[in-house]
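# Generate a structure from the sequence data that follows.
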Amino acid sequence: MRTRDLQRWWVSWGRAVAAIAAVSTAVVGLARPARAADVNFNLYGDVDYVVAHQGVTTNSFQSPRFEIFSTATEGRLSFLAETMFEVGGDNAFAVDMERVEVSYLFADWFRLHLGRFHTAIGYYNDAYHHGRYFQTTVDRPEMVRFEDEGGLTPAHSVGVHADGRFGLRRAGSLRYDVEIANGRGNVPDEVTNLVDHNNAKAYNLRLRFEPSFPDGLIIGVNAYFDTIPATGPDPIAMPAVTTVGERIYGAHLVYLENNIHLISEFLRIEHRSDVASGNTHAGFVEAGYTFGSLTPYARYEKVSFPSVLDPFYAQNKLGLRGSFYSVLAGLRYLVSENVALKLEGGQITPVTGSKTSSVSFQCAFAF
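Presented below is the predicted three-dimensional model:
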């Protein structure tokens with residue numbers, strides 16, 4: 001190559017590099033910087049004092065749970081993790097991941113969640129999570145307690161959840177929840193976090209109507225379908241059972257406006273197996289009214305198991321107790337936006353067996 005040609009080539013190449021650099025600088029200058037995710041941490045927990053009587057009287061100070069609740073958002077993408085330090089029957093703390101969710105908001109009518117979430121059954125289960133500060137009463141209704149506390153429903157699910165809202169003009173709005181998840185484990189207190197014991201998935205649908213008047217009223221129904229691989233470890237409670245078909249139908253009516261606290265739920269749980277079949281009916285009504293910082297409240301609950309208890313609930317704490325009704329009343333005093341004090345008395349009356357009476361004091365916090 002001649003010297004003059006080499007000089008021309010070098011000048012041309014230099015101009016090209018300069019042009020590319022100029023364009024790149026302009027693009028970088030116009031591009032928006034990456035937006036950092038908004039990360040938040042909250043702390044929830046409670047300390048209690050409980051006096052209970054069932055034949056004998058016991059009393060205990062309790063430090064039952066402490067929770068770290070973390071969330072992160074970046075535009076339409078969000079993440080949450082609910083980590084619970086909870087005391088078990090051995091008086092020792094254990095760590096439990098209650099929820100792990102990744103969500104994306106496509107539109108008001110469609111939001112998608114992936115991970116471990118609270119199942120959209122009824123109202124209470126996914127309205128009140130593990131922080132006791134947010135619920136009016138000391139504890140959840142018996143029928144909707146979490147799996148390891150003997151509740152009747154699959155409180156946690158691992159899978160896909162979709163929800164959304166459709167406006168109905170002046171009539172109000174319609175909300176839906178649709179879930180596909182692993183479903184129940186072999187025993188009532190198992191959540192299938194890693195391995196689904198059968199290929200059949202659980203399907204859940206919830207529909208809610210929120211009318212424009214009165215504002216705050218929620219009317220909802222739901223249906224849950226699952227096939228439980230009920231080959232549990234207890235051959236006496238579950239003789240020769242391979243699967244249990246489960247159907248849960250529910251309805252709820254809620255009003256939480258104008259200082260009124262009203263939650264009512266009803267569940268019909270159908271279990272079908274090759275050993276026994278039956279229907280369990282459960283329901284509760286919880287009501288209260290807020291005067292400034294003070295909320296007096298009361299709750300009535302009833303659970304009726306079939307005459308021949310199905311094998312799956314034979315391993316459940318409530319199933320072992322049998323059919324019962326319970327009443328309670330209490331006061332909730334909001335000390336501040338972070339601390340609530342509750343004083344509550346109640347009684348559980350089983351169809352067979354002795355009554356259980358209790359008085360509870362709770363200091364619940366949320367920071």
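
# I'd like to know which elements the longest strand along the chain is packed against.
Identified as the longest strand of the chain according to DSSP state E is strand 56-74. Identification of packing neighbours for strand 56-74 by 3 or more C-beta pairs under 8 Å, 6 or more residues apart in numbering; DSSP states H and E yields strand 38-54, strand 77-87. C-beta here means a position set from N, CA and C on the backbone, and glycine is covered the same way.

# how about low-confidence regions in the stretch 1-150 of the chain?
Where the stretch 1-150 of the chain drops to pLDDT under 70, the residues are 1-36.

# Of the helices and strands packed on strand 56-74, which stretch is the most buried?
strand 77-87 (a mean of 17; mean count of other C-beta atoms under 10 Å).

# mind listing the helices in this protein by residue range?
With DSSP state H as the criterion, the chain has helices at 3-30, 124-127, 317-321.

# elements contacting the shortest one?
Packed against helix 124-127 by the contact rule (3+ C-beta pairs under 8 Å, 6+ apart) you find strand 110-118.

# Would you mark the buried spots in the strand it packs on?
For strand 110-118, a neighbour-count test (16 or more other C-beta atoms under 10 Å) marks Arg111, His113, Gly115, Arg116, Phe117, His118 as buried.

# which two in these are spaced the farthest apart?
With distances taken as C-beta to C-beta, the most widely separated pair in the buried residues of strand 110-118 is Arg111 and Arg116, at 16.7 Å.

# Give me the residue at the spatial middle of this protein.
With distances taken as C-alpha atoms, centre = their mean, His118 lies nearest the centre of the chain, 2.8 Å away.

# So for that one, what's the nearest residue that isn't a sequence neighbour?
Leaving aside its sequence neighbours, His118 sits nearest to Asp126 (C-beta to C-beta, 6 or more residues apart in numbering; 4.0 Å).

# now Ser358
Nearest to Ser358 is Ala52, by C-beta to C-beta, 6+ apart, at 4.3 Å.

# wait, doesn't that neighbour sit right on Lys355?
No. Contact criterion C-beta atoms under 8 Å: Ala52 and Lys355 do not qualify, at 11.0 Å.

# count of residues packed around Arg299?
20 (other C-beta atoms under 10 Å).

# Do I have it right that it meets Gly345?
No. Arg299 is beyond contact range of Gly345, at 11.5 Å (criterion: C-beta under 8 Å).

# what's the overlap in contacts for these two?
Here Arg299 and Gly345 have Leu328, Ala329 as joint contacts, going by C-beta atoms under 8 Å, 6 or more residues apart in numbering.

# just to revisit the earlier point, distance to Thr192 for the helices and strands packed on strand 56-74 - can I get that in TSV?
Supplementary listing: the helices and strands packed on strand 56-74 in TSV, determined by distance: least, C-beta to C-beta, whole Å:
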stretch	distance to Thr192
strand 38-54	26
strand 77-87	18
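
# which residues touch the residue nearest to Ser358?
Going by C-beta under 8 Å, 6+ apart, the list of residues near Ala52 reads Thr58, Asn59, Thr356, Ser357, Ser358.

# Also Thr73?
Ala37, Asp38, Phe79.

# isn't the first one right up against Glu74?
When you say that, I think you mean Ala37. Yes. Checked against C-beta under 8 Å, the pair Ala37 and Glu74 is within contact range at 4.2 Å.

# still on that earlier bit, touching, the residue nearest to the centre of the chain and Tyr124? I think so.
No. Applying C-beta under 8 Å as the test, His118 and Tyr124 come out as separate, 9.8 Å apart.

# Tell me where the stretch 151-300 of the chain has strands.
Secondary structure of the stretch 151-300 of the chain (DSSP state E, counting those that start in this stretch): strands located at 156-167, 172-181, 202-211, 217-228, 244-255, 260-272, 277-289, 294-304.

# could I get those as TSV with distance to Gln315 and mean pLDDT?
Compiled in TSV, the strands of the stretch 151-300 of the chain are given as follows (distance: least, C-beta to C-beta, whole Å; pLDDT from 0 to 100):
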stretch	distance to Gln315	mean pLDDT
strand 156-167	18	96
strand 172-181	21	97
strand 202-211	19	97
strand 217-228	11	96
strand 244-255	11	96
strand 260-272	12	96
strand 277-289	14	95
strand 294-304	16	97
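
# what would the ones you listed look like in CSV with distance to Phe106?
Formatted as CSV, the strands of the stretch 151-300 of the chain follow (distance: least, C-beta to C-beta, whole Å):
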stretch, distance to Phe106
strand 156-167, 9
strand 172-181, 14
strand 202-211, 19
strand 217-228, 23
strand 244-255, 27
strand 260-272, 30
strand 277-289, 34
strand 294-304, 38
